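> structural data only, the sequence is not supplied:
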């Protein structure tokens with residue numbers, strides 16, 4: 001009885017001091033609303049993580065691009081992407097962790113009435129929009145037709161699928177509008193921007209470089225011919241001009257903000273991947289200066305030794321991904337200067353007015369890649385002088401010359417390496433000895449879509465010619 005009375009008195013004493021009963025259940029350590037800048041940072045980080053992680057259940061694009069071969073198992077390099085539900089996992093990560101956060105950030109910025117500088121609000125909306133456009137383009141390039149116009153509307157629990165070409169056209173329009181609204185005289189996200197620290201000038205360069213990428217990706221689509229020419233020529237004067245412009249996120253030394261490659265391969269203690277014969281068979285004869293930055297020499301021989309792509313290789317006796325690549329702080333990249341210069345080289349070959357020659361842009365692209373990975377300009381010059389590399393003497397047409405060197409430069413960026421291979425059809429990939437499926441020209445839709453959004457899924461599958469890995473994305477013409 002005495003204990004009951006004591007508790008009752010304690011409650012009376014507490015409530016006597018509390019006049020605002022509405023706040024009794026408020027958690028003082030967790031904000032009821034997340035600030036827009038926090039959502040933007042989270043989406044930015046998730047985007048970089050998603051496109052850079054080697055997590056086998058989510059991102060196997062380094063395998064699709066044949067940069068790595070597998071050891072413990074070989075399902076994915078034998079083109080089995082369904083056992084681990086990889087299409088579903090990547091789909092959900094992009095829609096839920098990335099696009100949903102960008103969408104919520106957009107809504108909160110628009111609703112915020114506290115901006116002292118109206119242009120800062122406009123800048124934040126534009127930067128958020130540019131990365132949203134980037135994210136949508138990733139999904140289209142992987143799946144084709146996707147839920148887009150209704151996808152982030154909570155009232156549409158079974159969103160329709162939009163035509164991929166129509167989405168691309170809209171993305172280019174959205175990108176132009178965002179770029180037009182940016183003003184370098186005002187701030188944007190400041191330190192909440194994990195890529196450029198709020199530097200609006202850098203975002204203008206990134207937006208134009210992304211515009212160049214989107215336009216060049218659809219350059220073989222006849223219906224886009226005039227759009228591509230206009231977009232490329234308007235973007236070209238404002239794109240990246242050095243590696244200092246690269247869009248990357250610098251990871252930190254300590255978890256949980258470390259390089260996801262380190263997390264998956266070093267922290268986890270796994271040795272699931274070794275250099276593939278596809279990439280080493282090209283790099284070794286050329287004495288490519290990037291080789292020791294891409295892979296470690298095999299421990300016993302000190303040589304760079306490749307596993308056979310598509311086979312189950314030994315965990316020893318082959319070259320592992322390099323210490324540089326697997327360090328805690330190695331950056332995650334969204335788009336870089338080398339990639340931009342390769343697009344410009346291709347643009348010249350296609351007859352667009354972007355200044356310079358194809359060879360000049362090609363040389364700048366290769367040099368940028370070598371110096372980014374720690375090589376010197378002298379090494380780049382010597383490499384470019386090799387007959388197999390020199391633009392004037394390398395074998396093949398411009399797509400093969402640019403495609404091969406671009407594929408090498410895109411190492412560690414599996415999505416883009418796979419995309420450019422599908423688009424330019426270079427270099428020549430190895431055939432898998434015992435494939436479990438066909439080489440993926442796209443990823444199939446999430447199995448959840450088949451089950452929970454069946455009518456729209458079926459309509460989308462029919463529209464693209466079947467939900468198969470062999471169905472080409474609309475821009476993959478050859």
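Great, that's in hand. Source: prediction; values computed, not measured. Numbering: from 1, shown residues only.

> now stretch 442-455: average pLDDT?
Across stretch 442-455, pLDDT averages out at 97.

> which residues touch it?
Here stretch 442-455 makes contact (C-beta atoms under 8 Å, 6 or more residues apart in numbering) with 81-82, 85-88, 90-92, 142-144, 147, 158-159, 456-457, 460-461, 467-469, 471-473. Using the backbone N, CA and C atoms, a C-beta is placed for each residue, glycine as well.

> among the residues you listed, name the ones in strands.
Among these, the residues falling in strands (DSSP state E) are residue 147.

> using ChimeraX, define a selection of the buried residues within the contacts of stretch 442-455.
Remark: buried members of those, expressed as a ChimeraX selection using 16 or more other C-beta atoms under 10 Å:
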select :81,82,85,86,87,88,90,91,142,143,144,147,159,456,457,460,461,467,469,471,473
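
> which of the contacts of stretch 442-455 fall in helices?
Using DSSP state H, 86, 87, 88, 90, 91, 92, 142, 143, 456, 457, 460, 461 are the members of the contacts of stretch 442-455 that sit in helices.

> farthest-apart pair in these, please.
For those, the farthest-apart pair by C-beta to C-beta is 86 and 456; their separation is 21.5 Å.

> the closest residue to residue 328 other than its chain neighbours: neighbour count?
Leaving out its chain neighbours, the residue that sits closest to residue 328 by C-beta to C-beta, 6 or more residues apart in numbering is residue 258, at 4.4 Å. Residues near residue 258, counting by other C-beta atoms under 10 Å, number 18.

> now do residue 428
When counting by other C-beta under 10 Å, one arrives at 12 neighbours for residue 428.

> so the residue nearest in space to the middle of the chain versus residue 444, what's the distance?
Nearest to the mean C-alpha position of the chain, by C-alpha atoms, centre = their mean, lies residue 51 at 3.9 Å. As judged by C-beta to C-beta, to the nearest Å, residue 51 and residue 444 stand 19 Å apart.

> repeat for residue 174
Using C-beta to C-beta, residue 174 is found at 27 Å from residue 444.

> isn't residue 186 up against residue 124?
No: the pair residue 186 / residue 124 is not scored as a contact, 9.7 Å apart, by C-beta atoms under 8 Å.

> which of these two has more neighbours?
Per other C-beta under 10 Å, whichever of residue 186 and residue 124 has more neighbours is residue 124, with 28 against 16.

> now do the contacts for that one.
Residue 124 touches 36, 37, 40, 109, 188, 189, counting by C-beta under 8 Å, 6+ apart.

> make it 6 Å
Residue 124 sits next to 109, 188, 189 when contact means C-beta atoms under 6 Å, 6 or more residues apart in numbering.

> may I ask which of the residues you listed has the most neighbours?
Counting neighbours by other C-beta under 10 Å, residue 188 leads those with 28 neighbours.

> who's in contact with it?
Neighbour list for residue 188: 123, 124, 127, 198, 200 [criterion: C-beta under 6 Å, 6+ apart].

> repeat for residue 86
By C-beta under 6 Å, 6+ apart, residue 86 lies in contact with residue 60.

> okay, it and residue 424: tell me how far apart.
Noted for residue 86: a distance of 24 Å to residue 424, by C-beta to C-beta.

> and if you look at residue 312?
For residue 312, the distance to residue 424 - C-beta to C-beta - is 30 Å.

> what about those two, which has more around it?
residue 424 (22 against 16).

> can you tell me the element the closest residue to the more buried one other than its chain neighbours falls in?
The spatially closest residue to residue 424, leaving aside those adjacent along the chain, is residue 403, at 3.4 Å (C-beta to C-beta, 6+ apart). Using DSSP states H and E, the element containing residue 403 is helix 398-409.

> phi, psi for the closest residue to residue 117 other than its chain neighbours please.
Nearest non-adjacent residue to residue 117, counting by C-beta to C-beta, 6+ apart: residue 186, 5.4 Å away. Backbone dihedrals for residue 186, given as degrees, to the nearest 10, come out at phi -120, psi 160.

> how about residue 186, what does it touch?
Contacts for residue 186 (C-beta under 6 Å, 6+ apart) come out as 117, 119, 120, 123.

> quick check: buried residues in the strand or helix carrying the third one?
Pointing back at residue 120 there. Assigning secondary structure by DSSP H and E places residue 120 in helix 118-143. By neighbour count on 16+ other C-beta under 10 Å, the buried set for helix 118-143 is 119-143.

> ok, now stretch 268-281?
Residues 271, 272, 273, 274, 275, 276, 277, 278, 279, 280 are the ones in stretch 268-281 that count as buried (16+ other C-beta under 10 Å).

> just the mean pLDDT for that stretch, thanks.
On average, stretch 268-281 scores 97.

> now stretch 207-221
pLDDT averaged over stretch 207-221 gives 98.

> need the next SSE after the helix-or-strand element of the chain with minimal mean pLDDT, C-terminal direction.
Every helix and strand of the chain was ranked by mean pLDDT, DSSP states H and E. The lowest is helix 2-16, at a mean of 37. On the C-terminal side of helix 2-16, the closest following helix or strand by DSSP H and E is helix 36-52.

> which strands and helices sit next to the helix or strand that that next one is followed by?
Heading C-terminal from helix 36-52, the first helix or strand you meet, by DSSP H and E, is helix 61-64. Contacts defined by 3 or more C-beta pairs under 6 Å, 6 or more residues apart in numbering; DSSP states H and E place helix 61-64 against helix 414-424.

> which strands and helices lie in contact with the helix it packs on?
Against helix 414-424 (3+ C-beta pairs under 6 Å, 6+ apart) you get helix 61-64, helix 398-409.

> what about 10 Å?
Of the remaining helices and strands, those touching helix 414-424 by 3 or more C-beta pairs under 10 Å, 6 or more residues apart in numbering; DSSP states H and E are helix 36-52, helix 61-64, helix 118-143, helix 200-217, strand 332-335, helix 337-349, helix 398-409.

> residue 97 is nearest to which of the ones you listed?
helix 36-52 (4.2 Å).

> tell me which residues of that closest one are tucked away?
Within helix 36-52, the residues scored as buried using 16+ other C-beta under 10 Å are 36-37, 39-52.

> average pLDDT across it?
Averaging pLDDT along helix 36-52 gives 98.

> and it, how far out from the chain's middle?
12 Å (C-alpha atoms, centre = their mean, to the nearest Å).

> next one: stretch 117-128
Mean-position distance between stretch 117-128 and its chain equals 24 Å (C-alpha atoms, centre = their mean).

> pretty sure residue 73 is touching residue 312, no?
Yes: between residue 73 and residue 312 a contact is recorded at 6.6 Å, counting by C-beta atoms under 10 Å.

> what about stretch 370-386, average pLDDT?
98.

> what does that stretch contact?
Stretch 370-386 has contacts (C-beta atoms under 10 Å, 6 or more residues apart in numbering) with 242-243, 246, 248, 285-294, 322, 324-325, 331, 333, 336-338, 359, 362-364, 366-369, 389-391, 393-394, 405, 408-409, 411-412.

> can you flag the buried ones in those residues?
Buried residues within the contacts of stretch 370-386, defined by neighbour count using 16+ other C-beta under 10 Å: 246, 248, 288-294, 322, 325, 331, 333, 336-338, 362-364, 366-369, 389, 391, 394, 405, 408-409, 411-412.

> those residues in helices, which ones?
Using DSSP H, the buried ones among the contacts of stretch 370-386 in helices are 291-294, 337-338, 362-364, 366-369, 405, 408-409.
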